[in-house]
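S.K.: sharing a model prediction with you, sequence too.
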Amino acid sequence: METTAFQKIHTKIDQITKATCTLRATGVGNEEMATVNNRLAQVVKINGDLVTLQIFSGTEGIPTNAEVIFKGHAPQLRVGEELSGRFFNAYGDPIDGGSEIDGQLIEIGGPSVNPVRRKQPSELIATGIAGIDLNNTLVTGQKIPFFADPDQPYNEVMAMVALRAKADKIILGGMGITNDDYLFFKNTFENAGALDRIISFVNTTEDPPVERLLVPDMALTAAEYFAGKNQNVLVLLTDMTLYADALSIVSNRMDQIPSKDSMPGSLYSDLAKLYEKAVQFPDGGSITIIAVTTLSGGDITHAIPDNTGYITEGQLFLRKDTDIGKVIIDPFRSLSRLKQLVIGKKTREDHPQVMNTAIRLYADAANAKTKIENGFDLTDYDKRTMSFAKEYSEKLLAIDINIEIELMIDTGWDLFNKYFSVTEIGIKSELVEKYGKQKNN
Amino acid sequence: MSTKGKVVGIISNLVTVAVDGPVMQNEICFINMSDVKLMAEIIRIGDNNAYVQVFESTRGLKIGTEVEFTGHMLEATLGPGILSKNFDGLQHDLDKMEGVFLKKGDYTPALEDDKLWGFTPLAKPGDKVISGSWLGEVIENWIPHKIMVPFSFEGAFTVKEISAKGEYKINDTICVVTNNENKEFNVSMVQKWPVKIPIKSFKEKPRPFRFMETGIRVIDSLNPIVEGGTGFIPGPFGTGKTVLQHALSKQAEADMIIVAACGERANEVVEIFAEFPEIVDPRTGRKLMERTTIIANTSNMPVAARAASVYTAMTIAEYYRSMGLKILLLADSTSRWAQALREMSNRMEELPGPDAFPMDLPAIISNFYARAGYVILNNSETGSVTFIGTVSPAGGNLKEPVTESTKKAARCFYALSQNRADSKRYPAIEAVDSYSKYIEYPEFIEYMKDNISPNWVNNILLAKNILTRGREAYEQINILGDDGVPIDYHQVLWKSEVIDFVILQQDAFDKVDASTSIKRQDYMMNKVLEICNTQFKFDSFEEVNPYYKKLINVFKQMNYSEFHSDKFKQFEKELQTVIEEKVVV
């Protein structure tokens, strides 16, 4: 840590709690950074000359005569081209054994984009996964999380999406990920030969939990730097549930009244501040955020996924389909709100109707399944929908699919023709003539 | 001399200020940081301290910083130039701000001081006037914008002088009025009004009864709203609240639309910014943006300003209502506003109510909804503010405090259902659970009979009944099995499905289907009810489903065709053939 000659050193702490310490000091700014016996801390409360500091790595072993030095600025990150290919901790210090970054210092968690200066997102991000491209198309400047139970392969899917999306930079913000996952990301990016366009800020389960509060802001500040240079940046944030847990730890230690699920009352605003950094800039640069929110037992009514759902532009649900024994992108609960901006415009005009019809038929199959469970006979239509659903799941919903969008739409038509009559699919007749008829018997 | 103070405490955006003179609850003050002034509002006073919520991030703020109090509450600036603007929650013009990022303390003026407006006087010297009386008008876009006696003027006045027809700036004095003590007051084209106080310069506020067309069938044909009515749309995320609000803002029959994007996604506002200057309003032939004002305080913008944004929007709505106009105010989402209140209440360490919301939340919500309404102005002209708010219930649970409080205040309830959204039945409004209290108003029933269609309200009741019976049949079939119930049950179910697919479901992204005229809605409703009243003959339940699907398919093709076009007529003929296949004669 750099120390400057004229900095005043305080050595008398009045009060110490699990996460904070309070001392008398003047001329201190709100949210200013400080060090307490070389541990990084931030001002969270000022009352007269009493200043309360939150110590990121905890207060274990902090004595009342610890050296406190105020740094005179909010948390900062050095940015520059050299960030590429590097790994950092939550404070933006290298953890890959490489040299320090020699770039421009900027404050993290900076201002928001003026909404009238934003451009409407319009560039499709192709991933090859039909559960995404066909049903829940992603667009640059979008923010979308995976909702997944902890046992699902969300990090693998996310890494795959990141590598296939043609982004100029991929920035990974890892919060409370295991060391194994960290190494997985590192190896995957390395093996793909993509390391030079990847920047990682990582807080693993071995690090103190409160530190991870800095990770998303670090990642997004780096993203803003590159997007400002007209690059398309993809930010991966995993796992946002652990980030929110850290928020609740802090608010608890600050004696705030918890709201739903012991989360702080400001959870919505706290999450929105991060996710809303996703943007399409007028000059061409963009920030797209793909996050992971782990669920407990698929419960989306918990405060974390619930608030997230209201902020993000849709969500991607992973679910194991027992019929085909594979993980699929659940077509019912997944949604991409921005898909309307590209489907049928950047893709073939029959895309929206094919997508909706397939999902509706898949829903009919689910109803048929309920009938079986209740011990009722199936009609001929029920049986056809069930065969359709299985093939649809296998050929389009499974996450191991990697095909072009046009082929996904054609596959949809093939399945319709195989199992249903024209009146049963109920698609606009012009589209049936144009795209569905030639194969229709 | 105005009161001054010094910062003595900071927790996030709640700042404690020691003051040297009198201050007022909700007074606005400015905190003079070295390079910027931060705007803040007093939310509590005690022990010679004012507790202020800052409308900005307080990063870098230090103890001892000087604070200047303004002597007034948060005010809206009201005058020509509001239409087509994009404001933030405090009515700062977003387009006037420089740079891509919002800068702290960049407070741009709402209106243009230098712009010339063509003024035509409506009053003449000697006229008796009171607050809200029309003195003259300027044409703003296409709306005759009335210049009024300021709402803050108490008592009776007489016009002494009024400017001749000509071009004036908003701050020019265009009229001089005298009170009964012969004291003179200058009136310009701009006035200020505190946003938290309702504007009450009207004669009377009767029950609203005039139907407001929205082009959305599940609203107009089943749960109609009226000019000056109130409604709310609760729904879990992903059920289409925002798409529905956008459809309303595009299609609703109003003179002016105010959209308060309150703590929601920025890209949704961007969609309005991108589309509204392009889309043509079929009624006026003008661009939608010409009748729209947007208050954008998106979720990443300061929380305190979010709470203010709905009040700013309502004040602007009331101002235009006083000109005898029909205003539709949409707020997305009122839950974010309530959450902003919760954050502040939490920081002030108030004892919390349910779910940590402030105890007075129900009162705040109902007071706000009460500001909407249909009014008769002092000159017997009428105006209205129709308010529709969305609610984002936590976990999709309608028993949470914001939804429950809103349910008591709003007269129309549009329940969005997760099940309908999952099966892509959009708009996902659950028609049976939703309601419009207005269909019980005798004056509304009368109005519909005289002006729209003799059967409208009756048809609503019939259709709802069929839908309810359909739902019951569906449950029976699920319990007893397809062949465990009489064939009639299947018919009851499928007749309700015809209403569902043909009337309730509407494709917001299809050019023709997106908006349905009242004539067409009436025609289609009668057509569908006719089918529901027709006896069809089936030999087994297995025939029921494919037959009705065929019917529905033809109906849907009709929905996708221009009303009374050749294609429409052709499908109508086809429909007749299909009916004849199974009809009992």
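M.R.: Received the coordinates, thanks. Numbers count the residues shown, from 1 in each chain, chains lettered A, B, ... in the order given.
S.K.: switch to C-alpha atoms for all contacts and neighbour counts from now on
M.R.: OK.
S.K.: can you pull out the low-pLDDT segments for chain B?
M.R.: Residues of chain B meeting the criterion pLDDT under 70: B:1.
S.K.: can you give me the buried ones in stretch B:25-38?
M.R.: B:26, B:27, B:28, B:29, B:30, B:31, B:32, B:33, B:37, B:38 (16 or more other Cα atoms under 10 Å in any protein chain shown).
S.K.: what do you get for stretch B:569-578?
M.R.: Neighbour count says stretch B:569-578 has B:571, B:572, B:575, B:578 buried, by 16+ other Cα under 10 Å.
S.K.: and for stretch A:286-302?
M.R.: Per 16+ other Cα under 10 Å, stretch A:286-302 contains these buried residues: A:286-295, A:298, A:300-302.
S.K.: show me these that map onto strands.
M.R.: A:286, A:287, A:288, A:289, A:290, A:291, A:292, A:293, A:294 (DSSP state E).
S.K.: show me the contacts for the second one.
M.R.: Taking Cα atoms under 8 Å, 6 or more residues apart in numbering or on different chains as the contact definition, residue A:287 lies against A:140-142, A:223-224, A:227, A:232-235, A:277-280.
S.K.: columns neighbour count on top of these, output as a markdown table?
M.R.: Below are those laid out as a markdown table (neighbours: other Cα atoms under 10 Å in any protein chain shown):
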| residue | neighbour count |
| --- | --- |
| A:140 | 25 |
| A:141 | 30 |
| A:142 | 30 |
| A:223 | 29 |
| A:224 | 23 |
| A:227 | 24 |
| A:232 | 24 |
| A:233 | 31 |
| A:234 | 30 |
| A:235 | 28 |
| A:277 | 27 |
| A:278 | 28 |
| A:279 | 27 |
| A:280 | 27 |
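S.K.: out of the residues you listed, which are inside strands?
M.R.: Using DSSP E, the contacts of residue A:287 in strands are A:232, A:233, A:234, A:235, A:279, A:280.
S.K.: among those residues, which pair sits farthest apart?
M.R.: A:235 and A:280 (13.4 Å; Cα to Cα).
S.K.: and residue B:339, how far is that from residue B:345?
M.R.: 10 Å (Cα to Cα, to the nearest Å).
S.K.: can I assume residue A:119 is in contact with residue B:270?
M.R.: Yes: the pair residue A:119 / residue B:270 is scored as a contact, 6.9 Å apart, by Cα atoms under 8 Å.
S.K.: for the nearest residue to residue A:227 once chain neighbours are set aside, what are its contacts?
M.R.: Take residue A:227 and drop its neighbours on the chain: the residue closest to it by Cα to Cα, 6 or more residues apart in numbering or on different chains is residue A:285, 4.5 Å away. Contact analysis of residue A:285 by Cα under 8 Å, 6+ apart lists A:226, A:227, A:228, A:229, A:230, A:231, A:232, A:233.
S.K.: need the pLDDT of the first one.
M.R.: Spelled out, that is residue A:226. With respect to pLDDT, residue A:226 scores 96.
S.K.: what does the residue in the stretch 351-500 of chain B that chain A sits nearest to show for phi and psi?
M.R.: In the stretch 351-500 of chain B, the residue that lies nearest chain A is residue B:395 (3.9 Å; Cα to the nearest Cα). As for residue B:395, its main-chain torsions (degrees, to the nearest 10) stand at phi 70, psi 10.
S.K.: residues of the stretch 51-200 of chain B that sit close to chain A?
M.R.: Proximity of the stretch 51-200 of chain B to chain A (Cα under 8 Å from any Cα of the partner chain) is limited to residues B:58-63, B:86, B:94-95, B:100-104.
S.K.: mind doing that once more with 7 Å?
M.R.: Selection of the stretch 51-200 of chain B residues close to chain A by Cα under 7 Å from any Cα of the partner chain yields B:58, B:59, B:60, B:61, B:62, B:63, B:94, B:95, B:100, B:101, B:102, B:103.
S.K.: phi first, then psi, for the second one.
M.R.: So that's residue B:59. Main-chain dihedrals, residue B:59, degrees, to the nearest 10: phi -50, psi 130.
S.K.: that one and residue A:42 touch, don't they?
M.R.: No: Residue B:59 is beyond contact range of residue A:42, at 11.1 Å (criterion: Cα atoms under 7 Å).
S.K.: so what sits against both of the two?
M.R.: Taking Cα atoms under 7 Å, 6 or more residues apart in numbering or on different chains as the criterion, residue B:59 and residue A:42 both touch residue A:31.
S.K.: more neighbours: those two, which one.
M.R.: Each of residue B:59 and residue A:42 has its neighbours counted (other Cα atoms under 10 Å in any protein chain shown); residue A:42 has more, 23 against 17.
S.K.: relative to chain B, how far out is the more buried one?
M.R.: 11 Å (Cα to the nearest Cα, to the nearest Å).
S.K.: which helix or strand contains that residue?
M.R.: According to DSSP states H and E, residue A:42 maps onto strand A:39-47.
S.K.: please render the contacts of residue A:287 as CSV that adds distance to residue A:376 to the earlier fields.
M.R.: Converted to CSV, those look like this (distance: Cα to Cα, whole Å):
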residue, distance to residue A:376
A:140, 47
A:141, 48
A:142, 44
A:223, 55
A:224, 57
A:227, 57
A:232, 53
A:233, 52
A:234, 49
A:235, 49
A:277, 51
A:278, 49
A:279, 51
A:280, 52
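S.K.: pick out the most distant pair among the ones in strands among the buried residues of stretch A:286-302.
M.R.: Between any two of those (Cα to Cα), the greatest distance is 25.9 Å, for A:286 and A:294.
S.K.: what does the stretch 251-400 of chain B have sitting close to chain A?
M.R.: Looking at chain A, the residues of the stretch 251-400 of chain B close enough under Cα under 7 Å from any Cα are B:265-267, B:270-271, B:274, B:299-301, B:342-343, B:346, B:355-356, B:394-396.
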